[in-house]
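Undergrad: what would the 3D arrangement of this be:
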Amino acid sequence: MLSRTADTLFWLGRYVERADNTARIIDAANRLATVPDSLAGETSEWEPALAAAGVLSGYTEHHDEVDRDPAIDYLAFSPDNFSSIKNCLGTARNNARAVRTALTAEMWEAINEAWQELKRYDGARMDRQTLNTFLSRVKEACLRFDGSAYRTMLRHDAYWFLRLGFYLERADSTARILDVKYHVLLPEDAQVGGGLDYFQWTSILRSVSALTAYRWVYHESLKPWLIADLLVLNAKMPRSLASCYENLATFLDHLSLAYGRQGPAQRQARSTMTRLQNAQISEIFQNKGLHEFLTEFIDENARLGETISKQYLT
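TA: Residues are numbered from 1 along each chain as shown. Sure, this is the predicted structure:
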């Protein structure tokens, strides 16, 4: 496969997953906005949302204050935000059109219809019902594209490069969402384990479709260290860091077999996967602390993306 085609497929996967993740972040922030003032106090749910999406610094360059409507517009529609939902799906559609022969008809229809649907909305003030409908459509469109790829693509290098983009982006998003909850979201004067803390954790778990999974696995009330265990180390949870790296290592191994040699990307992914498999959540908290662990992971995940690019995409 041409490196240009592989690069386009890789970023197609990343942009579709990023659009889905951003929609989930907005949904979580929108849920947190319903917290009664007696619980929420002075906390702002939109600044952590921008931080979780990795675009807070870009937002502050264009806005003096963090408010609901400009935050939603920046996350969902702004042309100034390269990672906005509109930009992600628009770029994903352009990438899909460039490699249509590598995709199935169902995949092209999913991404093209998602883009046409998105154009019905704009960045004007959105009431809660309109916003919920918009976010549901985005998530459904991304799930349809993902499902179409899973059900209709041949298992060859085109599929593997697409999946590498999916899982690299998903790992980054899960780490950022979890880190923001631990490091930013709960106000200093709020009670850990209190009503606000519980409501925030519920919203975060919903944003990664993990609330039901948590109840199945732990059979306990929400506890921060168990939530971290689920989203970091539990390989049975599809959005966990461990699950993402099992998939990244698998698809990179498929590429190495197809192309006849391994490289630094395979070794790096396998090293991170092994470290996650051997880790204990209690050790993470006691040694570096969760924030430091997640910060290092985000940097390490970005380095894997660069390594994949150098090894295969340039």
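Undergrad: longest helix in this protein, please.
TA: helix 3-32 (DSSP state H).
Undergrad: for that one, packing partners?
TA: helix 46-52, helix 68-76, helix 85-98, helix 128-152, helix 157-180, helix 195-207 (3 or more Cβ pairs under 8 Å, 6 or more residues apart in numbering; DSSP states H and E). C-betas here are computed from N, CA, C, even on glycine.
Undergrad: now the fourth one: buried residues?
TA: Residues of helix 128-152 classed as buried under the neighbour-count rule (16 or more other Cβ atoms under 10 Å) are 131, 134-135, 137-139, 141-142, 144-146, 148-149.
Undergrad: the third one too?
TA: Residues 85-93, 95-96 are the ones in helix 85-98 that count as buried (16+ other Cβ under 10 Å).
Undergrad: just to revisit the earlier point, now the buried residues of helix 128-152 as JSON lines including pLDDT and distance to E220?
TA: Rendered in JSON lines, the data for the buried residues of helix 128-152 read as follows (pLDDT from 0 to 100; distance: Cβ to Cβ, whole Å):
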{"residue": "L131", "pLDDT": "89", "distance to E220": "32"}
{"residue": "F134", "pLDDT": "92", "distance to E220": "34"}
{"residue": "L135", "pLDDT": "92", "distance to E220": "29"}
{"residue": "R137", "pLDDT": "93", "distance to E220": "34"}
{"residue": "V138", "pLDDT": "94", "distance to E220": "32"}
{"residue": "K139", "pLDDT": "94", "distance to E220": "28"}
{"residue": "A141", "pLDDT": "94", "distance to E220": "35"}
{"residue": "C142", "pLDDT": "95", "distance to E220": "31"}
{"residue": "R144", "pLDDT": "96", "distance to E220": "34"}
{"residue": "F145", "pLDDT": "96", "distance to E220": "35"}
{"residue": "D146", "pLDDT": "95", "distance to E220": "31"}
{"residue": "S148", "pLDDT": "96", "distance to E220": "37"}
{"residue": "A149", "pLDDT": "96", "distance to E220": "36"}
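Undergrad: distance to S256 added to those, as JSON lines?
TA: Shown next, in JSON lines, are the buried residues of helix 128-152 (distance: Cβ to Cβ, whole Å):
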{"residue": "L131", "distance to S256": "44"}
{"residue": "F134", "distance to S256": "41"}
{"residue": "L135", "distance to S256": "38"}
{"residue": "R137", "distance to S256": "38"}
{"residue": "V138", "distance to S256": "35"}
{"residue": "K139", "distance to S256": "33"}
{"residue": "A141", "distance to S256": "33"}
{"residue": "C142", "distance to S256": "29"}
{"residue": "R144", "distance to S256": "31"}
{"residue": "F145", "distance to S256": "27"}
{"residue": "D146", "distance to S256": "24"}
{"residue": "S148", "distance to S256": "26"}
{"residue": "A149", "distance to S256": "21"}
